[in-house]
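A.B. asks: test case, fold it:
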Amino acid sequence: MKLTRFAITLFIMASVAAPSAFAQRRGRAARGSGGNAVDIIVSGGTIVTMDGARRVIEDGAVAVKGGRVVAVGPRAEVEAKHPAARERLDARGKVVIPGLINGHTHVPMTLFRGLADDLDLPEWLTKYIFPAEAKHVSEEFVRVGARLGLAEMIRGGTTTYCDMYYFEDAIADETAKAGVRGLLGETVIDFPVADNKTWAEAMAYTDKFLAKWKGHALVTAAVAPHAPYTVSEEHLKEVRALSDKHNSPIVTHVSETRKEVEDLTKAKGASPVDYLARIGFLNDRVVAAHVVHPSEGEISVLKRLGVGVVHNPQSNMKLASGVMPVPRMLADDLNLGLGTDGAASNNDLNMWEEIDTTAKLHKVFAMDPKVVTAQQAFEMATIRGARALHMEREIGSIEEGKRADLVVVDLDDLNQTPIYNVYSHLVYATKADDVRTVLVEGRVIMRDRRLLTLDEKDIKARARVFRERILQSLAPSNSPTGTN
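C.D. replies: Predicted coordinates for the structure are as follows:
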């Protein structure tokens, strides 16, 4: 009898405890599933990873959590590993690529688009651009122009850009609000400009700018001496010291024209790259735009010091500055990217045109159709472009652990039909308006061509106000409309 009562007691205790234990197991299982839940899965498209193996994954998927890629691979595998997602983005029939990287621009100069064309660089700068900037550039101008440029870049699938201009702190603010990634350089130069009238003021401004944005998820602040012919040797050394203090990048123009090379060689006894190396300015935090006329030895210097180099083919063509020796630089595996330059000299921020131009220009210049292949040109706008900005550990390819900067490109338009080779299509057939959806840091900032972080109507209206101001300030003989 006692044994029976004891057995009954044990049974009752087990029955009471069992639901609790089951609930605990269920809770642990739920938490485990929650641990694999992701913010967004982009699935069903062709994933052009640009990783070390240059994998192209048909019917692939990318899982994103906390702004980073946590899985990339065949769709079935990724979705099995991460069955729970806050959002799913259907990319079937489309290509998913790393966000494009515009390695050199002056984004507020969208407001000077078409102001002065068909001139060589010295005349274009000294007679038109510098005077126009002196009259019109203000913080308001910079913010309006930055929004216009950011909207244009997002529409074309650019997720990271490298800028140098004035009031760069305001540009950084607009960039962060738009949800775009930027390596943003405050321009310093040896004459009074819109935001700072003296060198001391410019360096104080830049010091605060570098400190303010340090560690920001989207904005990397830099110092941007305009060029070795507009910034003295003493001041270039101060720039390097400020960069060392903050461990920040340096952005500059180098060897853009033959005149620059000739003048600097006469003044300093060395051409631009050799001169900058001699004074201890160059290192693996420098991003040098243009570099159209380097010597063989200077290319070796750039490689040895790890300098990022950015090719701007359309701007260099339009200003007749020359043709960068891209095939040689690729053969030497330089950190070589692509940029549009500012819209005042290009006249747009369309990276697809730059990619296409890069592949074609060097073929005709070298009289060799095999140089600068489609894949190499696309690399310069993605993973090589990331290397040029010294950001390849974070962006430039779709890999686990990297920032989730993704672009979904439509392949169903007439100009995309039929498809045989994805790199051929991306370089020679794709246009900016084939871009459908853009994510930066895992956040959708354009969906099905609709901008989500910027007001297109307001941007256009404000830009047109500045057009009227600029037109009114022009002398009749300088009017771009040709009227008197």
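
A.B. asks: ok, the nearest residue to residue 217 once chain neighbours are set aside - contacts?
C.D. replies: Leaving out its chain neighbours, the residue that sits closest to residue 217 by Cβ to Cβ, 6 or more residues apart in numbering is residue 441, at 6.1 Å. C-beta coordinates here come from the backbone N, C-alpha and C atoms, glycine included. By Cβ atoms under 8 Å, 6 or more residues apart in numbering, the contact list for residue 441 reads 67, 179, 181, 217-218, 403-405.

A.B. asks: look up how far residue 88 lies from residue 441.
C.D. replies: In this view, residue 441 and residue 88 are 18 Å apart by Cβ to Cβ, to the nearest Å.

A.B. asks: what do you get for residue 374?
C.D. replies: Distance of residue 374 to residue 88, computed by Cβ to Cβ: 31 Å.

A.B. asks: okay, the two: which has more neighbours?
C.D. replies: residue 374 (19 against 14; other Cβ atoms under 10 Å).

A.B. asks: give me the element the nearest residue to residue 91 once chain neighbours are set aside is part of.
C.D. replies: Leaving out its chain neighbours, the residue that sits closest to residue 91 by Cβ to Cβ, 6+ apart is residue 45, at 3.0 Å. If you go by DSSP states H and E, residue 45 is part of strand 38-48.

A.B. asks: helices or strands up against that strand?
C.D. replies: Packing partners of strand 38-48 (3 or more Cβ pairs under 8 Å, 6 or more residues apart in numbering; DSSP states H and E): strand 56-65, strand 68-74, helix 75-81, strand 85-90, strand 94-98, strand 406-410, helix 422-424.

A.B. asks: note down every partner strand of the fourth one and its orientation.
C.D. replies: In this case it means strand 85-90. If you go by DSSP bridges, strand 85-90 pairs up with strand 38-48 (parallel).

A.B. asks: the inter-axis angle of the strand it pairs with versus strand 94-98?
C.D. replies: Calculated by axes from the mean of the first three to the mean of the last three Cα atoms, to 10 degrees, strand 38-48 forms an angle of 100 degrees with strand 94-98.

A.B. asks: surely residue 242 and residue 210 touch.
C.D. replies: Yes - between residue 242 and residue 210 a contact is recorded at 7.3 Å, counting by Cβ atoms under 8 Å.

A.B. asks: if we can go back for a sec, in CSV, list the helices and strands packed on strand 38-48 along with mean pLDDT.
C.D. replies: Conversion of the helices and strands packed on strand 38-48 to CSV gives the following (pLDDT from 0 to 100):
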stretch, mean pLDDT
strand 56-65, 98
strand 68-74, 98
helix 75-81, 96
strand 85-90, 96
strand 94-98, 98
strand 406-410, 98
helix 422-424, 97
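
A.B. asks: pick the most deeply packed of those.
C.D. replies: strand 94-98 (a mean of 26; mean count of other Cβ atoms under 10 Å).

A.B. asks: what does stretch 81-92 rub up against?
C.D. replies: 33-34, 36-45, 63, 70-71, 408, 437, 444.
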